[in-house]
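Enquirer: Sequence and predicted model, in that order:
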Amino acid sequence: EAKDLKKMSLETLISNLRSHGMVLNADASQKKPKSVSLQSTKSSVNGQEEDLEGEDFALFTRKFQQ
């Protein structure tokens, strides 16, 4: 909704900003969060076991969420 801000009173501007914020918050609360479940597995390569542990797993989950 385009309005001339030079002609609009401060009270009207604040009221419009508050109502817009309430609409955004209502939209955000209606969205269902996406949940993802991951399962780790161990694999053997040349007789050595590899497993995601600690910092490696945290790095993987951060990259996956992006």
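Expert: All right, it came through fine.

Enquirer: Show me what the mean pLDDT comes to for the longest helix along the chain.
Expert: If you go by DSSP state H, the chain has its longest helix at helix 10-30. For helix 10-30, the mean pLDDT works out to 87.

Enquirer: can you check stretch 56-66 too?
Expert: On average, the pLDDT along stretch 56-66 is 77.

Enquirer: can you offset everything so residue one is 31?
Expert: Yep, numbering from 31; the last one is stretch 86-96 now.

Enquirer: Report the backbone C-alpha coordinates of that stretch in CSV.
Expert: Extracted in CSV, the C-alpha atoms of stretch 86-96 (Å, rounded to 0.1, in the frame of the first residue of the first chain):
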residue,chain,number,x,y,z
ASP,A,86,32.2,-33.2,12.0
PHE,A,87,28.6,-34.0,12.6
ALA,A,88,27.9,-30.4,13.8
LEU,A,89,29.5,-29.0,10.7
PHE,A,90,27.5,-31.3,8.5
THR,A,91,24.2,-30.3,10.1
ARG,A,92,25.0,-26.6,9.8
LYS,A,93,25.8,-27.0,6.1
PHE,A,94,22.7,-29.2,5.6
GLN,A,95,20.4,-26.5,7.2
GLN,A,96,21.6,-23.8,4.8
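
Enquirer: Neighbours of F90, how many?
Expert: Applying other CB atoms under 10 Å, we find 13 residues neighbouring F90. C-beta coordinates here come from the backbone N, C-alpha and C atoms, glycine included.

Enquirer: Where does it fall, secondary structure wise?
Expert: helix 84-95 (DSSP states H and E).

Enquirer: One more: L68?
Expert: Using DSSP H and E, no helix or strand contains L68.

Enquirer: Contact partners for it?
Expert: 91, 94 (CB atoms under 8 Å, 6 or more residues apart in numbering).
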